[in-house]
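S.K.: Let me see the structure of the following:
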Amino acid sequence: MSRFVSISALIFCILGMGCYTDEHDVSTPTDANPEANIVSESASVGDLVGITASAQDLDHNDTVFYTLVNHSSGIFAIHRGTGVVTVANASKLDYELTRNYTIEVQAKSTDDSISTQTFIVNVSNDSSDDGQYVVSTPTDADPNPNEISTSASNGDLVGITAKAEDLSSNDTILYSLPNNGNGRFAIDANTGVITVADATKIANDNSGIFHGITVLANSSDGSSASSNFIIIVTDGPDAPGGVNNIDEHDVTTPVDVDTDPNSVSEYATNGDTVGLTV
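M.R.: Numbering: from 1, shown residues only. Predicted structure coming up:
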């Protein structure tokens, strides 16, 4: 805050022609509009968003002007004198893609003091455009390996959580398994989590084989999409009726189980034994 005045300003003050003092800086902008900070995704250019920035500089000769130092890629604008925030580019408003925006208002006084404040503008949905989106291709939202042990039980996780999206706000997604590994696996229709459905079939699998499954995501808007995933079978202890695939031991060192001397005559013929059996 500057407390210095020019010689000319001091002369004007002495002559009674008006004194100028710079005792105050501009205040932090606040929202003087009591309305909710919200705008429809179907808004038009110039529509209000419920924000009127207001700041003060108590020096009576100073004036405050407003700018947007962050206007969310040109979506919003602010009136320089009144601080009223409006829509500047309505084509970028899309509730399904972005539910709210952050803007930063700068208030600058003619004494060059500056202050800033951020505000959030929420976007409301226009249900008339919900049908423009369809369900996305399912992906795996589980970071764990897609594998299952031969000793698994029904209900065990396999490392796959199917995840699809439909940006239409009122649509819901349900999951199914058109290809479920011949009955080995199941999927939760709501969460997309895949689990073991028939452990006895997996118990009889050999370690290292894999099963392909197909996840189908169905949106309530009628759209659908599918993805294929691979589940690898790993070693595990015997399950009832299963095959033991455990690899616990290495091969032993060969030994001679023949008690006869390890020798052969110089007159031996093909096929004669030498006293060595391993």
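S.K.: switch to C-alpha atoms for all contacts and neighbour counts from now on
M.R.: Fine.
S.K.: three-state assignment of residue 194?
M.R.: Three-state call for residue 194 (DSSP: H, G, I helix; E, B strand; the rest coil): strand.
S.K.: Residue 56 too?
M.R.: Per three-state DSSP, residue 56 ends up coil.
S.K.: just the one 10 residues further on next, same as before
M.R.: Look at residue 66: counting by three-state DSSP, its state is strand.
S.K.: Surely it is in contact with residue 81?
M.R.: Yes: using C-alpha atoms under 8 Å, residue 66 is in contact with residue 81, at 6.4 Å.
S.K.: For those two, indicate the residue with more neighbours.
M.R.: When neighbours are counted by other C-alpha atoms under 10 Å, residue 66 comes out ahead of the other of residue 66 and residue 81, with 25 against 13.
S.K.: Tell me what the more buried one is bridged to.
M.R.: In this structure, residue 66 has the following beta-bridge partners (DSSP bridges): residue 107.
S.K.: all strands of the stretch 101-250 of the chain, in order?
M.R.: Counting by DSSP state E, counting those that start in this stretch, the stretch 101-250 of the chain forms strands over residues 114-124, 139-140, 147-149, 157-163, 173-179, 185-187, 193-196, 210-219, 224-234, given from the N-terminal end onward.
S.K.: Give me the distance between the second one and the centre of its chain.
M.R.: So that's strand 139-140. Strand 139-140 has its average C-alpha position 12 Å from the chain's average C-alpha position, going by C-alpha atoms, centre = their mean, to the nearest Å.
S.K.: List the contacts of that strand.
M.R.: 160, 161, 162, 163, 164, 227 (C-alpha atoms under 8 Å, 6 or more residues apart in numbering).
S.K.: please redo it, this time with the cut-off set to 7 Å
M.R.: Residues from elsewhere that reach strand 139-140 (C-alpha atoms under 7 Å, 6 or more residues apart in numbering): 160, 161, 162, 163, 164.
S.K.: Only the buried residues of stretch 179-198, if you could.
M.R.: Taking 16 or more other C-alpha atoms under 10 Å as the neighbour-count basis, stretch 179-198 is seen to contain the buried residues 179-181, 184-187, 189, 192-198.
S.K.: swap in stretch 32-42?
M.R.: Buried residues in stretch 32-42, defined by neighbour count with 16+ other C-alpha under 10 Å: 37, 38, 39, 40, 41, 42.
S.K.: out of these, which are inside strands?
M.R.: Mapping the buried residues of stretch 32-42 onto strands (DSSP state E) picks out 38, 39, 40.
S.K.: Quick one: those as CSV, columns for pLDDT and distance to residue 208 too.
M.R.: Listed next are those as CSV, based on pLDDT from 0 to 100; distance: C-alpha to C-alpha, whole Å:
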residue, pLDDT, distance to residue 208
38, 96, 56
39, 96, 56
40, 94, 55
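S.K.: closest to residue 111 among those?
M.R.: Closest approach to residue 111 among these (C-alpha to C-alpha): residue 38, at 33.2 Å.
S.K.: what's that closest one in contact with, if anything?
M.R.: Contacts here follow C-alpha under 7 Å, 6+ apart; on that basis residue 38 touches 49, 50, 121, 122, 123, 124.
S.K.: The closest residue to it other than its chain neighbours bridge partners, please.
M.R.: Sequence neighbours aside, residue 122 is the residue nearest to residue 38 in space, at 4.5 Å (criterion: C-alpha to C-alpha, 6 or more residues apart in numbering). Beta-bridge partners for residue 122, by DSSP bridges, are residue 38, residue 100.
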